[in-house]
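Trainee: One predicted model, sequence on top.
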Number of protein chains: 2
Amino acid sequence: MVMHNNLTGSLEDYLEAILKILGTSSVARVRDIADELHVSPASVTPAMKRLAELGLVRYSKRNYIGLTGSGREIAMRTAARHSLLARFLTDVLGSDAEQADTDACAMEHHISEDSMERLAALLEFLYACPELEKLMKTGFARCFDEGENGSRCSKIVCPFLFEGRNDLADLVSLASLEPGHTGMIVRIAGDRALRKSLINKGFIHGTEVLLLRRGTESLPYAVKVAGHELDLPKDAVSAVLLNPRSINDET
Amino acid sequence: MVMHNNLTGSLEDYLEAILKILGTSSVARVRDIADELHVSPASVTPAMKRLAELGLVRYSKRNYIGLTGSGREIAMRTAARHSLLARFLTDVLGSDAEQADTDACAMEHHISEDSMERLAALLEFLYACPELEKLMKTGFARCFDEGENGSRCSKIVCPFLFEGRNDLADLVSLASLEPGHTGMIVRIAGDRALRKSLINKGFIHGTEVLLLRRGTESLPYAVKVAGHELDLPKDAVSAVLLNPRSINDET
DNA sequence: CATTACTGTTAGATTTGTCTAACAGTAATA
DNA sequence: TATTACTGTTAGACAAATCTAACAGTAATG
């Protein structure tokens, strides 16, 4: 798993840990690093050797560990990624701090420089106007916590007093498709539980679906998605919205 | 690297690839999987054996490969993560499709179930109102492309005609801190280039900074951040905004 | 039927990152 | 000074994921 700076995620973690320790302790030891990363001290030694070879840490046997200029630079970039992701998760998505930290830890090695910059800019964009920030952050948080479906949710917080999307009218529900025809999924409506269940059945944005047989209120619909046939009740198929331009006769 | 479902990221990739192939080809072979994941066919065989042991794929030597029920379920959850992340990156952050796909590939194994749900809800929240969607997506895109700093940017697109944040007045710039005092970074102002450079020097949200010496227009300021002392011009230190409640005398 | 082309498998090597257990320094303590 | 406690290193093992090279089937072609 080699990253953009030619380091593995694990080595980036070691650099980041050293930086963090140096931020408070003025001295970094093998033990501190092992504790910080929850690995055994025996794992730290070979990592330090490797980083010293690469000219990123100052290390000699049984001595304090320091960062070189370039090591510090990489460590700071990694820490910045971490902080940015965690901030997005807590401040925008409303995750709790611990969960956000765990997620950020796992993702920080994988996000590209470009996406990083965009994410940073998004946070600045939201912070730039207190009304927008409030609308996005508390509005979304409220929407999420109340478990509302998107279309009703906006009415709670939307300053535009918009009653509903008119462009949704262009979309065709899977329930109203002609049997034997296919369409591309562009949106999953319904409440969060239904949406989650549909997503886990393969109804993913951009996927082709084929309606095999129409059902009724009591009789399930038969559909084919991602190469798999399955039966679904009417309310589920009704929540699957298709792009009308994508509809084709499959027979 | 073990994930929530007890699979490694690599095995999840194999499942996802099989699902994708089955979505179009009705039959999956070792060769297809190898091509899809850009690995050698010799790497596919042991992965299939492992997945068959775990009861996630149907596999017997030299035969077509299929997914079991639970294998399909995991594959679909993984694909849903991928699609969601990619959609966030393209639709909200404005990344190009290829970059978004690469990033999503790398992150999909690491994001938690909870963050997934929140991200999905965020997209629905934005889609729920066309005005909000436009404000966020095209407003942000314009802001990003024009390289505007957050506070000016909002004026371009903000429907609230808000001239600037009044709560920013509560923040103290690092430049106006008393020498020997510390504060916690809560925001980095300035244009994108300056912000990026400061972030890469260690000025990260939530970090403590210490002002060592005041400068002037021509003489650099001396500060200490993340255990490291450095000199910075006045415009850079002025862009670092601190939480006033965090300011302490360090001497 | 033999050849050729292709697919899939095996064997063996390599890289990376981790662990445990044993050992080696170092420094305070009895 | 001998003991103890702690830190750090080494050796050796292991798991995961990949590769190359060699080999084994299978099926179409000449």
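Mentor: Now that the structure is in, tell me what you want to look at.
Trainee: Mind jotting down where the helices sit in the stretch 101-250 of chain A?
Mentor: Taking DSSP state H, counting those that start in this stretch as the criterion, the stretch 101-250 of chain A carries its helices at A:113-128, A:130-145, A:150-157, A:192-200, A:234-238.
Trainee: now the first one against helix B:130-145, angle please.
Mentor: When you say that, I think you mean helix A:113-128. 120 degrees (axes from the mean of the first three to the mean of the last three C-alpha atoms, to 10 degrees).
Trainee: buried residues in helix A:113-128?
Mentor: Applying a neighbour-count criterion of 16 or more other C-beta atoms under 10 Å in any protein chain shown, the buried positions in helix A:113-128 are A:114-128. For glycine as for every other residue, the C-beta is placed from the backbone atoms N, C-alpha and C.
Trainee: does chain B sit close to it?
Mentor: Yes - judged by C-beta under 8 Å from any C-beta of the partner chain, helix A:113-128 comes into contact with chain B through A:Asp114, A:Ser115, A:Glu117, A:Arg118, A:Leu119, A:Ala120, A:Ala121, A:Leu122, A:Glu124, A:Phe125, A:Tyr127, A:Ala128.
Trainee: go on, the shortest one?
Mentor: No - remark: helix A:234-238 sits outside contact range of chain B, by C-beta under 8 Å from any C-beta, the gap being at least 15.0 Å.
Trainee: for that helix, packing partners?
Mentor: Helices and strands touching helix A:234-238, by 3 or more C-beta pairs under 8 Å, 6 or more residues apart in numbering or on different chains; DSSP states H and E, are helix A:192-200, strand A:221-225.
Trainee: now do the fourth one
Mentor: Under the contact criterion of 3+ C-beta pairs under 8 Å, 6+ apart, the helices and strands touching helix A:192-200 comprise strand A:181-188, helix A:234-238, helix B:69-87, helix B:113-128.
Trainee: And the third one, how far out from the chain middle?
Mentor: Right, the one you point to is helix B:69-87. 19 Å (C-alpha atoms, centre = their mean, to the nearest Å).
Trainee: Can you give the contact residues for it?
Mentor: Outside helix B:69-87, the residues within contact range by C-beta atoms under 8 Å, 6 or more residues apart in numbering or on different chains are A:199-202, A:204-206, A:226, A:228, B:5, B:7, B:12-13, B:15-16, B:18-20, B:51, B:55-57, B:67, B:97, B:100-101, B:103-105, B:107-109, B:111, B:116, B:119-120, B:123.
Trainee: if we go to 7 Å?
Mentor: Helix B:69-87 is contacted from outside by A:199-202, A:204-206, A:226, A:228, B:5, B:7, B:12, B:15-16, B:18-19, B:51, B:55-57, B:67, B:100-101, B:104-105, B:107-108, B:111, B:116, B:119-120, B:123, using C-beta atoms under 7 Å, 6 or more residues apart in numbering or on different chains.
Trainee: Which members of those are classed as buried?
Mentor: Taking 16+ other C-beta under 10 Å as the criterion, what is buried in these is A:199, A:201-202, A:204-205, A:226, A:228, B:7, B:12, B:15-16, B:18-19, B:51, B:56-57, B:67, B:100-101, B:104-105, B:107-108, B:111, B:116, B:119-120, B:123.
Trainee: thinking A:Met136 is in contact with A:Phe125, fair?
Mentor: No - the criterion here is C-beta atoms under 7 Å, and A:Met136 misses it with A:Phe125 at 9.5 Å.
Trainee: Switch the helices and strands packed on helix A:192-200 over to a markdown table; also include mean pLDDT.
Mentor: Putting the helices and strands packed on helix A:192-200 into a markdown table (pLDDT from 0 to 100) gives the following:
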| stretch | mean pLDDT |
| --- | --- |
| strand A:181-188 | 91 |
| helix A:234-238 | 95 |
| helix B:69-87 | 94 |
| helix B:113-128 | 86 |
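Trainee: And stretch A:74-85, what's buried?
Mentor: For stretch A:74-85, by 16+ other C-beta under 10 Å, it's A:Ile74, A:Ala75, A:Met76, A:Arg77, A:Thr78, A:Ala79, A:Ala80, A:Arg81, A:His82, A:Ser83, A:Leu84, A:Leu85.
Trainee: rewinding a little: between the residues of helix A:113-128 next to chain B, which sits nearest B:Gly180?
Mentor: Distance to B:Gly180 across these (C-beta to C-beta) is lowest for A:Tyr127, with 29.2 Å.
Trainee: Might one say that the closest one is in contact with A:Glu133?
Mentor: Yes - applying C-beta under 7 Å as the test, A:Tyr127 and A:Glu133 come out as touching, 5.9 Å apart.
Trainee: A:Gly206 reaches A:Met184, doesn't it?
Mentor: Yes - counting by C-beta under 7 Å, A:Met184 is a contact partner of A:Gly206 at 6.4 Å.
Trainee: In a markdown table: the residues of helix A:113-128 next to chain B, plus distance to A:Val27.
Mentor: Shown next, in a markdown table, are the residues of helix A:113-128 next to chain B (distance: C-beta to C-beta, whole Å):
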| residue | distance to A:Val27 |
| --- | --- |
| A:Asp114 | 37 |
| A:Ser115 | 35 |
| A:Glu117 | 34 |
| A:Arg118 | 37 |
| A:Leu119 | 34 |
| A:Ala120 | 32 |
| A:Ala121 | 37 |
| A:Leu122 | 38 |
| A:Glu124 | 35 |
| A:Phe125 | 40 |
| A:Tyr127 | 36 |
| A:Ala128 | 40 |
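Trainee: Spell out which parts of the stretch 1-150 of chain A neighbour DNA strand D.
Mentor: Residues of the stretch 1-150 of chain A that fall close to DNA strand D, judged by C-beta under 7 Å from any atom of the strand: A:Arg29, A:Val30, A:Arg31, A:Pro41, A:Ala42, A:Val44, A:Thr45, A:Pro46, A:Met48, A:Lys61, A:Arg62.
Trainee: of those residues, closest to B:Arg195?
Mentor: For these, the minimum distance to B:Arg195 (C-beta to C-beta) is 32.3 Å, reached by A:Met48.
Trainee: in a helix, that's where that closest one is, yeah?
Mentor: Yes - per DSSP: H, G, I helix; E, B strand; the rest coil, A:Met48 lies within a helix segment.
Trainee: and the nearest residue to it once chain neighbours are set aside, what pLDDT?
Mentor: Leaving aside its sequence neighbours, A:Met48 sits nearest to A:Tyr59 (C-beta to C-beta, 6 or more residues apart in numbering or on different chains; 4.6 Å). Looking at A:Tyr59, its pLDDT reads 93.
Trainee: what's around A:Tyr59, how many residues?
Mentor: 21 (other C-beta atoms under 10 Å in any protein chain shown).
Trainee: and if you look at the one 10 residues further on?
Mentor: Burial measure for A:Gly69: 9 neighbouring residues, criterion other C-beta under 10 Å.
Trainee: Which strand residues bridge the residue of the stretch 1-150 of chain A found nearest DNA strand C?
Mentor: With C-beta to the nearest atom of the strand, the shortest gap between the stretch 1-150 of chain A and DNA strand C falls at A:Thr8, namely 2.7 Å. In this entry, A:Thr8 is beta-bridged to A:Val2, by DSSP bridges.
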